[in-house]
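J.: Sequence and predicted structure are below.
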Amino acid sequence: VLDALESSTREEGSPVMFFEEALDRRRRMDRFAGEWSTPDDLSYLIANLIPEGAVTVFDPAVGGGGLLLLAAQVAQRPDRSLKVMGYEKNETILREARSRFFIYGEPFEWKRTDSLKDPDINTIGADTVILDPPLHMRAWGDAETYLDPKWTFGAPPANSADFAWLQI
């Protein structure tokens, strides 16, 4: 994400550079943690697909915040009127996203919740949703989740949440 961001805070020794370097080193050391970031090229493509008239951008699996941050910076208006929101169930990873948005000075609304189980997910009112879903999630729900009527195209299989993300 860092390479694609257009910001004067990218100068050598800046807090942004230090923060991104620390995140990169942590990820390389903990490569088996199950968390990964959207590749820069894909993030940049998704961010540039956000319609010019978008008012609210929402990421239901924000992770470390890289994709949503890039979207905020690419699509943000001069009057800073773009509303950027994200959901994340992992508290540690959500802290990373909040820190990233704080360091970059971007406003960000967040909620710690599991998007696949949150009953309020359909009331967000976002006009643009971006998502690089955590694929191959197993045992992602419980009986109540699988029987939820929100699954318009049928309940996704219990052993993979891939089809659940498509219906969010």
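T.: Happy to help now that I have it.
J.: How about the residue positioned nearest the centre of the chain: what's its closest non-neighbour residue?
T.: Nearest to the mean C-alpha position of the chain, by Cα atoms, centre = their mean, lies Val62 at 2.0 Å. Closest residue to Val62 apart from its sequence neighbours, by Cβ to Cβ, 6 or more residues apart in numbering: Gly86 at 3.1 Å. Where you see a C-beta, it was placed from the backbone N, CA and C, and this is true even at glycine.
J.: So for the lengthiest strand in the chain, what gets flagged as buried?
T.: When the chain is parsed with DSSP state E, its longest strand is strand 83-88. Neighbour counts over strand 83-88 (16 or more other Cβ atoms under 10 Å) mark Lys83, Val84, Met85, Gly86, Tyr87, Glu88 as buried.
J.: Looking at strand pairing, list the partners for the first one.
T.: Lys83 forms beta bridges with Thr56, as assigned by DSSP bridges.
J.: Contacts only, for it.
T.: Counting by Cβ atoms under 8 Å, 6 or more residues apart in numbering, Lys83 touches Val55, Thr56, Val57, Pro107, Glu109.
J.: Buried ones among those residues?
T.: Members of the contacts of Lys83 classed as buried by 16+ other Cβ under 10 Å are Val57.
J.: out of the contacts of Lys83, who's nearest Pro133?
T.: Val57 (16.0 Å; Cβ to Cβ).
J.: So for the closest one, what's the pLDDT?
T.: Here the pLDDT value assigned to Val57 is 93.
J.: cool, and Thr113?
T.: Looking at Thr113, its pLDDT stands at 95.
J.: I figured it hits Lys89, correct?
T.: Yes. Thr113 lies in contact with Lys89 (Cβ atoms under 8 Å); the separation is 6.3 Å.
J.: Beyond the helix or strand hosting Met17, next helix or strand please.
T.: Using DSSP states H and E, Met17 falls within helix 15-29. Counting by DSSP H and E, the element after helix 15-29 in chain order, helix or strand, is helix 40-48.
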